[in-house]
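Q: here are the coordinates; sequence isn't available:
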Ligand code: NAD
């Protein structure tokens, strides 16, 4: 696929057309995350009988930016990258959402992620809207200097359309705290004043918040803990299998062990040398701290070091069929599909969607009828944006909280969010994903009405 093809795969002429279900099933299984996000929204919009104007506003982003970023490479040449920023909805407050650096980034992926951010902020009850950004680039192919120039170039193109009261980016796949620090610095230079609140996920000591790096994985485990309580399952005997070993997966693994007392039987990751994924297992449980020590900054585990330490190495799909209590997809979107959902072991009790959009509507049809409790993505992984919101609040106050204080507030927010969705699912007897959509859509539509948009 060329960069041009990646820019958009959904024709704008489809704007405002409510989707045909059969067509969507086929398209989502071919993995267009934006089609998937729209299909999820359409299903709940129909159940809620939302007015046409409300549906029109919410099934497309309010604003989209696509730009070129020329970057001086170390060898003196100029390379041009494509960047995106999508602002889905800001009825509840400034847009908020991560920035991905990924070789397979598309405008449609960014649109889907921006839309999910709107629901995520609403479900977590934080006064922010949904945004997302991306650059088509594999950051592992760039030197540190090239990464810095790309980050500064990204801000150079979009700085007039982001800001603490407009749209606040944060790290996501392929980006990290240092990159956020460079971006905040570039924005502050362009504005002529120190503006730490323009970006969250910054390094500690550079305007960052204690607890932010671990926040998403931490929040994932809070939602698992509440699910276990609801299902009456003892957490200390629980086992988990995780897809991914990047930021989210690492802290999900650590907290699954430390907060719940459970065991993580395997993790998986993408191996950039072999261009395929592997699953790393230990029957008595993996040691996430050891694995962190042999993992590169992009979440790839050193295969030889793992084998030496006695880890069993299987194919990249093996994590999905493990006999565990909790499955945690924490890597990428669209991996549990109509044709892979049947590989899930019958003993699995909880699917905790730490990644964004790991499950397609085709797989949802199967899961909805199964006994598996699904913690939907924009609830499960809302810990990251919640802590980012805390970071913005601390930046505004210029007063910083301790890690314990951050984690206490985070636990409270995630617990409340979980129970709001659970209560909706029980009251309306609906699938947990639809319940989360109902909570989120209610809140966003209310804000739109209060502002006189609809
Ligand atoms: P990351 O780049 O730090 O890690 C991604 C991990 O997934 C790496 O270990 C990579 O090797 C692995 N991976 C990629 N493709 C794979 C495959 N096919 N099979 C197995 N492993 C594969 O990214 P992250 O920040 O941990 O984000 C992971 C997911 O969580 C993404 O969907 C992201 O949007 C979502 N998320 C992240 C945050 C955050 O705060 N970082 C917040 C909310 C949601």
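A: Structure's in. What do you need? Keep in mind that what you see is a predicted model, and the values were worked out from it rather than measured.
Q: Hmm, residue 243 is touching residue 321, no?
A: No: using Cβ atoms under 8 Å as the test, residue 243 is too far from residue 321 to be in contact (11.7 Å). (C-beta placed from N, C-alpha, C; glycine too.)
Q: which helix in this structure runs the most residues?
A: helix 403-428 (DSSP state H).
Q: residues in contact with the very next helix or strand once past that helix?
A: Per DSSP states H and E, the first helix or strand lying C-terminal to helix 403-428 is helix 432-450. Here helix 432-450 makes contact (Cβ atoms under 8 Å, 6 or more residues apart in numbering) with 40-41, 43-45, 47-48, 50, 54, 57-58, 89, 91-92, 118-120, 122-123, 125, 364, 373-376, 378-379, 420-422, 424-425, 428, 430, 454.
Q: at 7 Å what do you get?
A: Residues outside helix 432-450 that contact it (Cβ atoms under 7 Å, 6 or more residues apart in numbering) are 40-41, 43-44, 47-48, 54, 57, 89, 91-92, 118-119, 122-123, 364, 373-376, 378-379, 420-421, 424-425, 428, 454.
Q: what does the chain put close to the ligand?
A: Contact residues (Cβ under 6 Å from any ligand atom) of the chain with the ligand: 171-174, 216, 243-249, 268-270, 277, 298-300, 316, 330-332, 354-356, 381, 384.
Q: Give me the subset of the residues you listed that lies in helices.
A: Secondary structure from DSSP H places 216, 247-249, 384 of these in helices.
Q: export the residues you listed to CSV and tack on pLDDT?
A: Below are these laid out as CSV (pLDDT from 0 to 100):
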residue, pLDDT
216, 96
247, 94
248, 96
249, 98
384, 96
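Q: Any chance of a ChimeraX selection covering the buried ones in those residues?
A: Buried subset of those, written as a ChimeraX selection, criterion 16 or more other Cβ atoms under 10 Å:
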select :216,247,248,249,384
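Q: Next, residue 135: phi, psi?
A: Main-chain dihedrals, residue 135, degrees, to the nearest 10: phi -130, psi 140.
Q: so what's it up against?
A: By Cβ under 7 Å, 6+ apart, the residues touching residue 135 are 69, 81-83, 101, 105, 150, 154.
Q: residues near the one residue in the stretch 251-400 of the chain that gets nearest to the ligand, how many?
A: Per Cβ to the nearest ligand atom, residue 299 is where the stretch 251-400 of the chain lies closest to the ligand, at 2.4 Å. Residue 299 has 21 neighbouring residues, counting by other Cβ atoms under 10 Å.
Q: Tell me the confidence at it?
A: pLDDT recorded at residue 299 is 95.
Q: these two touch, right, it and residue 248?
A: No: using Cβ atoms under 7 Å, residue 299 makes no contact with residue 248, being 9.2 Å away.
Q: Contact partners for residue 133?
A: By Cβ under 7 Å, 6+ apart, the contact set of residue 133 is 84-85, 99, 110, 169.
Q: whoops, residue 53 was the one
A: Residues in contact with residue 53, defined by Cβ under 7 Å, 6+ apart, are residue 454.
Q: Would you agree it falls within a helix?
A: Yes: under DSSP: H, G, I helix; E, B strand; the rest coil, residue 53 sits within a helix.
Q: residue in the stretch 151-300 of the chain nearest to the ligand?
A: When distances are taken as Cβ to the nearest ligand atom, the stretch 151-300 of the chain reaches nearest to the ligand at residue 246, 1.7 Å away.
Q: My guess is that residue contacts residue 299. True?
A: Yes: Residue 246 lies in contact with residue 299 (Cβ under 7 Å); the separation is 3.2 Å.
Q: now the strands for this structure?
A: All strands of the chain, identified by DSSP state E, fall at 63-72, 78-89, 95-102, 129-136, 167-171, 239-243, 263-271, 276-281, 312-315, 326-329, 350-352, 373-375.
Q: That'll do, ta.
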